[in-house]
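1. Okay, here's the prediction I keep looking at, along with the sequence it came from:
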Amino acid sequence: MLKLHRLNALRKTKLQLLQHLTANQENPSLNYSTAPDDKDFLHRSILRTDHFQASLPRLPVPELEDTLKKYLESQRQILTDAEYDQTVDIVNKFKATDGPDLQKRLVAKDKQNKHTSYVTKPWFDMYLKSRLPIVLNYNPFISFQDDPRPEYQNQLIRSTNMIVSSLKFMKTLRANILEPDIFHLNPAKSDNMRFRKVMRMIPSSIAFYGAYMYKAFPLDMSQYKNLFNSTRIPRPGKDELVVDKDAKHLLVMRNGNFYMFDVLDSKGNILEPEVIMSCVHQVMKDPSPPSPHPVGVFTAENRDTWAMYRDKLIGLGNEETLKLIDSAVFTLCLEDDQPTDPNDVTRKFLHGEAGRIWFDKSLSLILTGSGNACVNFEHAWGDGVAVLRYFNEVFANSIDKSVVHPSTDVPANAGNVRKLEFKLDQEMKDNVEQSVKKFNTTVQSLDVDHLEYQKYTKSYVKKSGMGPDSLMQLAIQMAYYRQYKGTVATYESCSTSAFKHGRTETIRPATAETKRACMLFVDDHPIPSTEELKNAMLACSKKHGTLTRNAAMGKGFDRHLFGLKTLVEEEGGRVPELFTDPAYQKLNHIILSTSTVSSPAILIGGFAPVTPDGFGVGYSIEDSRIGFNVTSYPPARNAPGFIECVTKSLDDMYEVLEGRNPRKP
């Protein structure tokens with residue numbers, strides 16, 4: 001990763017900087033603080049937010065030989081012997097004919113675009129060109145833990161505190177004083193003020209390499225610009241992402257109705273919290289009935305259909321209203337009901353009722369009547385890294401630095417709340433009604449179930465020698481094997497934000513090791529010993545660790561093959577047989593779509609399956625519990641049955657980790 005001449009120069013630079021800092025410890029100009037000194041900001045980092053961005057390494061284009069080897073290894077687990085033999089022949093043919101030249105062209109194109117990665121534009125295009133509705137197919141949600149202070153777990157109080165904390169995050173980001181995202185491999189060495197002072201003195205053009213010497217890895221933050229004042233606009237054939245930084249208002253949705261009010265003054269300062277609280281309160285108390293024609297349902301339509309409807313809405317005189325929605329800082333969705341069952345909460349946050357969420361907005365903050373809160377986000381603009389940072393900062397700041405309290409008096413009619421009204425003719429009203437019916441039919445076809453498991457937790461798994469994520473993935477593989485007696489295409493998302501404009505790479509958790517472990521734990525055969533079962537689990541953990549490291553370092557195979565295939569399609573040439581092989585389609589027909597986000601601020605996350613016969617498996621393993629949130633489309637798949645099998649798998653592995661054999665009576 002490092003070029004030798006840069007590394008040698010940086011070693012010399014580091015020594016000089018350390019000597020300089022040691023000699024100038026009393027110099028006031030070097031005593032910087034990350035403590036907040038302004039009520040409008042989360043903090044003032046002494047390192048600029050974008051300090052490392054210019055020097056981030058570029059995502060490598062993997063070697064073709066390595067990619068094809070990994071591709072076949074993954075295919076072996078889901079193909080029959082005959083299918084696999086045929087795919088081996090196709091891969092060998094590709095390696096001897098089309099592959100090398102295609103690889104050369106991809107590398108050449110990558111070198112011509114050194115400002116980004118070879119997969120960035122195709123990945124954006126994949127999302128933006130998809131004509132599928134984004135609800136269920138793309139938008140996920142992440143739900144917040146409850147406020148630890150019960151008296152603050154109130155829709156009005158919590159939404160106001162979260163709005164203000166969100167605005168602080170936005171202003172800190174745009175002032176370039178948000179602490180940069182850095183993965184600290186050795187926090188004791190690098191996650192301190194001394195490290196930050198050293199990094200501040202290294203030019204941005206080489207700053208990444210300076211951090212690398214401390215075993216600290218700055219992460220790409222290019223996606224953050226789309227967190228606020230951002231939306232996806234439907235266009236025929238390919239949608240568009242738009243940001244309007246000048247807008248100062250918030251969009252609020254309640255009962256399918258739209259409201260807006262300013263949250264920043266003319267100079268860009270955050271309005272007084274009591275004013276914002278009053279505006280939210282006015283929306284909550286508005287007696288307007290649910291909208292009979294909730295236009296927001298159009299954002300759940302087929303994208304070309306929505307693009308057509310949007311043009312018609314503009315033709316009816318709604319251009320200003322649409323612009324106000326598109327440019328809002330973000331959307332606050334207020335729900336009157338108070339679901340308590342976790343499955344009902346998932347439905348509320350994942351899709352809600354027709355027209356209650358504007359799914360195109362990059363960020364929607366949803367609060368139920370009881371103060372349960374989540375973020376639902378559009379996926380084209382970015383991945384979990386930026387959203388998780390926002391999520392964690394807002395959760396902490398809204399609690400530690402609350403600006404309104406149960407004792408706060410709500411001013412009457414402060415601020416200027418404006419209700420937005422759409423002008424609809426009969427044709428558009430009919431279109432809304434048809435979209436509502438379609439939406440209801442779609443979401444009613446989704447099944448949801450969950451598991452909260454507390455027999456063992458993250459710290460216990462680590463002490464056993466297993467990687468926590470590998471155990472969770474083995475539980476998923478074992479559950480499917482127990483339920484359906486098979487191994488199928490599985491997807492786990494892994495961030496590649498260690499690279500400039502990195503998005504994600506795929507981890508393929510279905511391996512020879514997991515397949516063998518599933519057979520040992522589930523199949524009828526001579527009962528394996530406890531030691532054999534434990535060794536099989538450890539082998540899965542070791543393999544999964546390797547796959548995860550490869551993916552994080554841009555050395556998976558999925559994005560490389562995607563880049564090669566996209567290049568052929570862009571050039572309009574003949575598509576190699578590798579990409580038309582039914583086995584390639586089978587590997588990319590994801591039955592088990594899995595994803596995890598880990599944070600004390602998160603209660604659970606969720607998303608729908610990516611195929612009609614698949615599962616959407618959100619999971620987390622924390623120091624207090626294990627959680628699963630599973631979705632499916634019956635009758636093709638059975639989410640409650642899957643949860644039962646996950647529970648059995650977790651129980652069996654616990655027995656093994658405790659030195660007992662679950663296969664013996």
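-> Alright, I've got the coordinates.
2. Now do the strands in the stretch 51-200 of the chain.
-> Using DSSP state E, counting those that start in this stretch, the strands found in the stretch 51-200 of the chain span residues 141-144, 182-184.
3. most neighbours per residue, which of those strands?
-> strand 141-144 (a mean of 24; mean count of other Cβ atoms under 10 Å). (Glycine included, C-beta is placed from N, CA and C.)
4. what's that one in contact with?
-> By Cβ atoms under 8 Å, 6 or more residues apart in numbering, the surrounding residues in contact with strand 141-144 are 345-346, 349-350, 366, 372-377, 384, 387-388, 391, 395, 597, 601-607.
5. now do 6 Å
-> Contacting residues not belonging to strand 141-144 are listed as 349-350, 373-376, 391, 395, 602-606 [Cβ atoms under 6 Å, 6 or more residues apart in numbering].
6. Can you say which two of the residues you listed are spatially most distant?
-> Within those, Leu350 and Phe395 form the most distant pair, 19.7 Å apart (Cβ to Cβ).
7. between those two, which one's more packed in?
-> The residue with more neighbours, out of Leu350 and Phe395, is Leu350; 28 against 20, by other Cβ atoms under 10 Å.
8. Would you list the phi and psi of the more buried one?
-> Dihedral pair for Leu350: phi -80, psi -40, per degrees, to the nearest 10.
9. who's in contact with it?
-> 141, 606.
10. So which residue is dead centre in this structure?
-> Gly384 (2.5 Å; Cα atoms, centre = their mean).
11. so what's it up against?
-> Residues counted as contacts of Gly384 (Cβ under 6 Å, 6+ apart) are Val597.
12. What is the nearest of the contacts of strand 141-144 to Phe562?
-> Nearest to Phe562, judged by Cβ to Cβ, of the contacts of strand 141-144 is Gly605 at 24.3 Å.
13. just checking, the closest one touches Val597?
-> Yes: Gly605 lies in contact with Val597 (Cβ atoms under 6 Å); the separation is 5.5 Å.
14. neighbour-wise, which of the two wins?
-> Between Gly605 and Val597, counted using other Cβ under 10 Å, the more crowded position is Gly605 (27 against 19).
15. what secondary structure does that one sit in?
-> In three-state terms, and counting by DSSP: H, G, I helix; E, B strand; the rest coil, Gly605 is strand.
16. shaky segments in the stretch 451-600 of the chain?
-> Along the stretch 451-600 of the chain, no part satisfies pLDDT under 70.
17. again, only this time at 90
-> Counting by pLDDT under 90, the stretch 451-600 of the chain has low-confidence residues at 457, 524-526, 573, 597-598.
18. show me where it has helices.
-> Taking DSSP state H, counting those that start in this stretch, the helices of the stretch 451-600 of the chain run over residues 458-463, 468-484, 512-522, 530-552, 558-571, 577-580, 582-587.
19. Pretty sure Lys423 sits in a helix.
-> No: counting by three-state DSSP, Lys423 falls outside a helix, being coil.
20. which residues sit in contact with it?
-> Contacts for Lys423 (Cβ under 6 Å, 6+ apart) come out as 316-318.
21. Arg158 against Ser370, yeah?
-> No: contact criterion Cβ under 6 Å: Arg158 and Ser370 do not qualify, at 9.7 Å.
22. Of the two, give the one with the bigger neighbour count.
-> The residue with more neighbours, out of Arg158 and Ser370, is Arg158; 23 against 17, by other Cβ under 10 Å.
23. contacting residues around Tyr224?
-> So Tyr224 contacts 173, 386 (Cβ under 6 Å, 6+ apart).
24. what's the spacing between it and Arg503?
-> Applying Cβ to Cβ, to the nearest Å, the value for Tyr224 to Arg503 is 14 Å.
25. Contacts only, for Ile507.
-> Contact analysis of Ile507 by Cβ under 6 Å, 6+ apart lists 492, 494, 547-548, 551.
26. Could you dump the strands of the stretch 51-200 of the chain into TSV and include mean pLDDT?
-> Shown next, in TSV, are the strands of the stretch 51-200 of the chain (pLDDT from 0 to 100):
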stretch	mean pLDDT
strand 141-144	97
strand 182-184	95
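27. quick one, which of these is nearest to Lys429?
-> strand 141-144 (29.5 Å).
28. Tell me the strands beside the closest one, with direction?
-> Applying DSSP bridges, strand 141-144 is found paired with strand 373-377 (antiparallel), strand 602-606 (antiparallel).
29. so for the first one, what's the average pLDDT?
-> The average pLDDT for strand 373-377 rounds to 98.
30. Now do it: everything it contacts.
-> Strand 373-377 is contacted by residues 139, 141-144, 349, 363-364, 366-367, 387, 391 when judged by Cβ under 6 Å, 6+ apart.
31. can the residues you listed go into JSON lines with extra columns for distance to Lys586?
-> Shown next, in JSON lines, are those (distance: Cβ to Cβ, whole Å):
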{"residue": "Asn139", "distance to Lys586": "26"}
{"residue": "Phe141", "distance to Lys586": "29"}
{"residue": "Ile142", "distance to Lys586": "31"}
{"residue": "Ser143", "distance to Lys586": "34"}
{"residue": "Phe144", "distance to Lys586": "38"}
{"residue": "Phe349", "distance to Lys586": "32"}
{"residue": "Leu363", "distance to Lys586": "35"}
{"residue": "Ser364", "distance to Lys586": "35"}
{"residue": "Ile366", "distance to Lys586": "36"}
{"residue": "Leu367", "distance to Lys586": "42"}
{"residue": "Val387", "distance to Lys586": "31"}
{"residue": "Phe391", "distance to Lys586": "35"}
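32. out of those, who's nearest Ala636?
-> Closest to Ala636, out of all of those and judged by Cβ to Cβ, is Asn139, at 21.4 Å.
33. residues contacting that closest one?
-> 359, 376, 378.
34. Please apply the same query to Phe439.
-> Going by Cβ under 6 Å, 6+ apart, Phe439 touches 297, 300, 354.
35. Strands of the stretch 201-350 of the chain, start to end?
-> 216-218, 230-233, 240-243, 249-254, 257-262, 331-334.
36. could you measure Asp38 against Val263, distance?
-> Distance of Asp38 to Val263, given as Cβ to Cβ: 17 Å.
37. And these two? Which one has more around it.
-> Higher neighbour count among Asp38 and Val263: Val263, with 23 against 14, using other Cβ under 10 Å.
38. For the stretch 101-250 of the chain, which segments count as helices?
-> Taking DSSP H, counting those that start in this stretch, the helices of the stretch 101-250 of the chain run over residues 120-129, 155-174, 187-190, 193-201, 207-212.
39. can you put these in CSV and add mean pLDDT and distance to Gln86?
-> Output for the helices of the stretch 101-250 of the chain, formatted as CSV (pLDDT from 0 to 100; distance: least, Cβ to Cβ, whole Å):
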stretch, mean pLDDT, distance to Gln86
helix 120-129, 96, 27
helix 155-174, 98, 51
helix 187-190, 94, 50
helix 193-201, 96, 53
helix 207-212, 96, 44
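40. Count the residues that sit near the closest residue to Pro582 other than its chain neighbours.
-> Residue nearest to Pro582 in three dimensions, not counting chain neighbours: Glu83, with 7.7 Å by Cβ to Cβ, 6 or more residues apart in numbering. By other Cβ under 10 Å, 16 other residues sit near Glu83.
41. Next one: Glu83 relative to Lys323, how far apart?
-> Using Cβ to Cβ, Glu83 is found at 52 Å from Lys323.
42. Also Thr97?
-> Per Cβ to Cβ, Thr97 is found 52 Å from Lys323.
43. Hmm, Phe41 is touching Leu173, no?
-> No: Phe41 is beyond contact range of Leu173, at 9.7 Å (criterion: Cβ under 6 Å).
44. Give me the more crowded residue out of those two.
-> Between Phe41 and Leu173, counted using other Cβ under 10 Å, the more crowded position is Leu173 (23 against 20).
45. which residue sits closest to that one, ignoring its sequence neighbours?
-> In space, and not counting its chain neighbours, Leu173 is closest to Tyr224: 5.8 Å by Cβ to Cβ, 6+ apart.
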